[in-house]
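K.L.:
3D, please:
(2 chains)
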Amino acid sequence: GAVVSQHPSRVICKSGTSVKIECRSLDFQATTMFWYRQFPKQSLMLMATSNEGSKATYEQGVEKDKFLINHASLTLSTLTVTSAHPEDSSFYICSARSLGPRRITEAFFGQGTRLTVV
Amino acid sequence: AQSVTQPDIHITVSEGASLELRCNYSYGATPYLFWYVQSPGQGLQLLLKYFSGDTLVQGIKGFEAEFKRSQSSFNLRKPSVHWSDAAEYFCAVGTRNNDMRFGAGTRLTVKP
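P.N.:
Okay, the predicted model is just below:
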């Protein structure tokens, strides 16, 4: 199957700083990438959908100025948590889909990023 | 909008026993259905998926799932559970042009 690489896998940052998480599709072009957040012992909650070359679509209740998403190329999307606070500590997971010639119709997930804000 | 319900938050089975995890979905058209497994602190691994065709789908690690349109269900089954199957299981529904929505998850505990 297709591979999605997410980096870093773990990050600890100080309150007030910003953290960038990268999501790369390694062997296919991802026209759409999704960012999820998962609280302990809970399900994945979709934060936003990003399409290459256009602005991300955020789910209701997700602050777009706090969670900046950039999908500048067909293989890379980034999520930047700005001015992080302890309540932003969570597990963030990206997924990527391609609706191009390969007709990949499932999403492939990155390994996730454990963010801890101290 | 599509949604997924996993009625069982936590299930405990004995090793070697059979397993069935329930999943019900709500979607107006023919859905794409998925089962993922997540070990603690890890990402998601796809177990199996249903897009069309045969309603009984075989996946990895001995899992299978059956799509029943009349019941809007996509239950996951395994005839004999192994201790290594203990994990969190997520059912998801998606469309060709949209994201996937996940159920709340079912945590599986396997007793020796």
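
K.L.:
pLDDT wise, what is the nearest residue to residue B:18 once chain neighbours are set aside at?
P.N.:
Of all residues not flanking residue B:18 in the chain, residue B:79 sits nearest, at 5.3 Å (CB to CB, 6 or more residues apart in numbering or on different chains). Using the backbone N, CA and C atoms, a C-beta is placed for each residue, glycine as well. According to the prediction, residue B:79 has pLDDT 97.

K.L.:
thought residue B:79 was touching residue B:62?
P.N.:
Yes: counting by CB atoms under 8 Å, residue B:79 sits close enough to residue B:62 to count as a contact (7.2 Å).

K.L.:
so for the two, which sits in the more crowded spot?
P.N.:
Neighbours were counted for residue B:79 and for residue B:62 using other CB atoms under 10 Å in any protein chain shown; residue B:62 has more, 15 against 11.

K.L.:
what sits against the more buried one?
P.N.:
B:78-80 (CB atoms under 8 Å, 6 or more residues apart in numbering or on different chains).

K.L.:
which ones among these map onto strands?
P.N.:
residue B:78 (DSSP state E).

K.L.:
which one of the contacts of residue B:62 is nearest residue A:79?
P.N.:
Nearest to residue A:79 among these is residue B:78, at 34.6 Å by CB to CB.

K.L.:
and residue B:57, bridged to which residues?
P.N.:
On the basis of DSSP bridges, residue B:57 is bridged to residue B:65.

K.L.:
do you know how far it is from residue B:32?
P.N.:
Plainly put, residue B:57 is 11 Å away from residue B:32 if you go by CB to CB, to the nearest Å.

K.L.:
what touches both of the two?
P.N.:
With CB under 8 Å, 6+ apart as the test, residue B:57 and residue B:32 both reach B:49-50.

K.L.:
can you name the residues of chain A that neighbour chain B?
P.N.:
A:1, A:6, A:32, A:34, A:36, A:41-44, A:46, A:49, A:91, A:93, A:95, A:99, A:105-112, A:114 (CB under 8 Å from any CB of the partner chain).

K.L.:
residue nearest the centroid of chain B?
P.N.:
Among the residues of chain B, the one closest to the centroid is residue B:35, at 3.6 Å (CA atoms, centre = their mean).
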